[in-house]
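1. sequence? don't have it. structure:
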């Protein structure tokens, strides 16, 4: 995979170097937005970037059981993490990054790498299973190539 990334970088680097800084910034932002959209879609589907499904949640014990109450549907994991507020883009003319920044980055890292963390502020520790949130795939490389060629066609 790293060899593919290296070849993509060499191929794209020569073409991007010919663009003006404003055009580069626009292209980098477009690529980053598409990558963010794709990763948000994968997180919503509960699928890792390599296509494997996330491990199932641990069943919570019923705290109280009242007859006649409406049961809540299980919410998808990482519902807020996949929003633009938390899954952010940092871009300039030379580079772009899509990821989690600030306080939410720690939470995302714990789940991404499967680290132990407290369930609640004064609660017990739990070792979360690894649920990769972000990653670079071959389809991402193909999408970047396609966007670059599309942008160069528009620039003519």
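-> Okay, I see it. Please read these numbers as outputs of a predicted model, since none were measured by experiment. Numbers count the residues shown, from 1 in each chain.
2. low-confidence ranges in this structure?
-> 1-2, 5, 60-75, 155-156 (pLDDT under 70).
3. residues contacting the closest residue to residue 148 other than its chain neighbours?
-> Computed as Cβ to Cβ, 6 or more residues apart in numbering, the closest residue to residue 148 that is not its neighbour in sequence is residue 12, at 5.6 Å. Every C-beta, even on glycine, is put in place using the N, C-alpha and C of the backbone. With contact set as Cβ atoms under 8 Å, 6 or more residues apart in numbering, residue 12 has these partners: 144, 145, 148.
4. Which of the helices or strands spans the second one?
-> So that's residue 145. helix 138-155 (DSSP states H and E).
5. What is that helix packed up against?
-> helix 2-17, helix 21-44 (3 or more Cβ pairs under 8 Å, 6 or more residues apart in numbering; DSSP states H and E).
6. Residue 108 - how many residues pack around it?
-> Counted with other Cβ atoms under 10 Å, the neighbours of residue 108 add up to 20.
7. Isn't it up against residue 132?
-> No - in this structure residue 108 lies outside contact range of residue 132 using Cβ atoms under 8 Å: 10.3 Å.
8. Would you agree residue 110 falls within a strand?
-> No - read with DSSP: H, G, I helix; E, B strand; the rest coil, residue 110 is helix and lies in no strand.
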